[in-house]
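let's see this in three dimensions:
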Amino acid sequence: MEIKEAQDEVKKFDEDRGWKDSWNIKDLLLNINEETGELWHLVKWIEDEKQKQVIEKNKDEVEDFIGDTFYLILKLANQTGVDVEKSFRRSMEEYYERFPAEKIKKNI
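Residues are numbered from 1 along each chain as shown. Down below sits the predicted model:
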């Protein structure tokens, strides 16, 4: 599935439920924080190697977090009129410029 397709699906999902014009950015951001907090509780205060084990053991919860958060990001994009593909591409171009592989690998 393309990102545009996913964004359009979220838009239709909201429209079909009458949620298109009933939005609140603050609540969406709080919901994203809530989702992040749920995942954080799995790994807080745990060292890196142990985190990997906890994540593998709780893979379903991690998948739920990613799916829920992606839905919320797409919903936020729809409500603010942001094209997610364009936004993502711009961010990646910035990351390529800020973190060129040949320089980063030298410092590792």
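
which residues does the longest helix belonging to the chain contact?
Looking across the chain with DSSP state H, the single longest helix is helix 59-80. If you take C-beta atoms under 8 Å, 6 or more residues apart in numbering as the criterion, helix 59-80 is touched by 6-7, 10-11, 14, 23, 25, 28-29, 31-32, 35-36, 38-39, 42, 55, 82-84, 87. All C-beta atoms are positioned from the backbone trio N, CA, C, and that covers glycine.

got it, and stretch 20-35?
With contacts defined as C-beta under 8 Å, 6+ apart, stretch 20-35 is touched by 11, 14, 65, 68-69, 72-73, 75-76, 79-80.

closest to Y96 out of those?
Set against Y96, the nearest of the contacts of stretch 20-35 by C-beta to C-beta is I73 (21.2 Å).

so where does W19 fall, helix or strand?
According to DSSP states H and E, W19 maps onto no helix or strand at all.

so what does it look like in phi/psi?
With angles defined as degrees, to the nearest 10, W19 sits at phi -100, psi 0.

which helix or strand in the chain has the lowest average pLDDT?
helix 101-106 (a mean of 86; mean pLDDT, DSSP states H and E).

alpha carbons only: can I get that helix in CSV?
Output in CSV follows, covering the C-alpha atoms of helix 101-106 (Å, rounded to 0.1, in the frame of the first residue of the first chain):
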residue,chain,number,x,y,z
ALA,A,101,26.4,8.0,5.3
GLU,A,102,30.1,8.4,4.5
LYS,A,103,30.6,10.8,7.4
ILE,A,104,28.4,9.0,9.9
LYS,A,105,30.1,5.6,9.3
LYS,A,106,33.5,7.2,9.8
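
pull the distance from that helix to the chain's centre.
Computed by C-alpha atoms, centre = their mean, to the nearest Å, the separation of helix 101-106 from the middle of its chain amounts to 26 Å.

same question for stretch 59-68.
11 Å.

alpha carbons only: can I get that stretch in CSV?
The C-alpha trace of stretch 59-68 is given here as CSV (Å, rounded to 0.1, in the frame of the first residue of the first chain):
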residue,chain,number,x,y,z
LYS,A,59,5.7,-7.9,19.3
ASP,A,60,1.9,-7.7,19.1
GLU,A,61,1.9,-4.6,21.4
VAL,A,62,4.6,-3.0,19.2
GLU,A,63,2.6,-3.7,16.1
ASP,A,64,-0.5,-2.2,17.7
PHE,A,65,1.6,0.9,18.7
ILE,A,66,2.9,1.4,15.2
GLY,A,67,-0.5,0.8,13.6
ASP,A,68,-2.3,3.1,16.0
